[in-house]
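Visitor: here's a sequence, model it:
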Amino acid sequence: MTEIPETAGRESLADTVREALRGVIDPELGENVVDLGLIYFVAVDDRATAHVVMTTTTRGCPAVGYLKDGVERAATAVPGVVTAEVAMTYDPPWTPDMMSVSPGRPRPAAKPRFWRPW
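Guide: As a prediction, this is how the structure comes out:
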């Protein structure tokens, strides 16, 4: 069993997990889950389990399974992480203000490309 005894080591590993989650792309918005603000919490416990709390842009999002699986796979791919637990929450509800924007990159659309107003 892998154990990470130091708090600083766990925090560093959690930062690495968060960075790895940038590889998980929302299929409707085409942006990664971290920059979209869908990741609320990342921590790694002393048993090398990554704990991630996340949301989706709307309740009933058809991509919830895809996103949750992608986050779990990305977290467990980080060296030093043995397992991952991904929890979904809608409190607080996601808003476009939660997105982070990198300098020189346009903010992704708040609505999916396939959204139709009718």
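Visitor: only C-alpha atoms for contact and neighbour calcs from this point on.
Guide: Fine.
Visitor: how about low-confidence regions in the protein?
Guide: Applying pLDDT under 70 to the chain picks out residues 1-8, 101-118.
Visitor: what sits against the residue most central in space within it?
Guide: The centroid of the chain falls nearest to residue 39 when counting by CA atoms, centre = their mean (3.9 Å). For residue 39, the contact set (CA atoms under 8 Å, 6 or more residues apart in numbering) comprises 33, 52, 53, 54, 55.
Visitor: phi and psi next, for it.
Guide: As for residue 39, its main-chain torsions (degrees, to the nearest 10) stand at phi -100, psi 120.
Visitor: for it, which residues count as its bridge partners?
Guide: Following DSSP bridges, residue 39 is listed with bridge partners residue 54.
Visitor: strands of the protein, start to end?
Guide: Along the chain, counting by DSSP state E, strands occupy 39-44, 49-54, 83-88.
Visitor: so can I have CSV of those showing distance to residue 16?
Guide: Formatted as CSV, the strands of the chain follow (distance: least, CA to CA, whole Å):
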stretch, distance to residue 16
strand 39-44, 10
strand 49-54, 11
strand 83-88, 13
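Visitor: so which of those strands is the most packed in?
Guide: strand 49-54 (a mean of 22; mean count of other CA atoms under 10 Å).
Visitor: distance of the residue nearest to residue 32 when sequence neighbours are not counted relative to residue 9?
Guide: Spatial nearest neighbour of residue 32, chain neighbours left out: residue 25 (4.2 Å); criterion: CA to CA, 6 or more residues apart in numbering. Applying CA to CA, to the nearest Å, the value for residue 25 to residue 9 is 27 Å.
Visitor: comparing the two, which residue is more hemmed in?
Guide: The neighbour comparison of residue 25 against residue 9 (other CA atoms under 10 Å) goes to residue 25, with 19 against 13.
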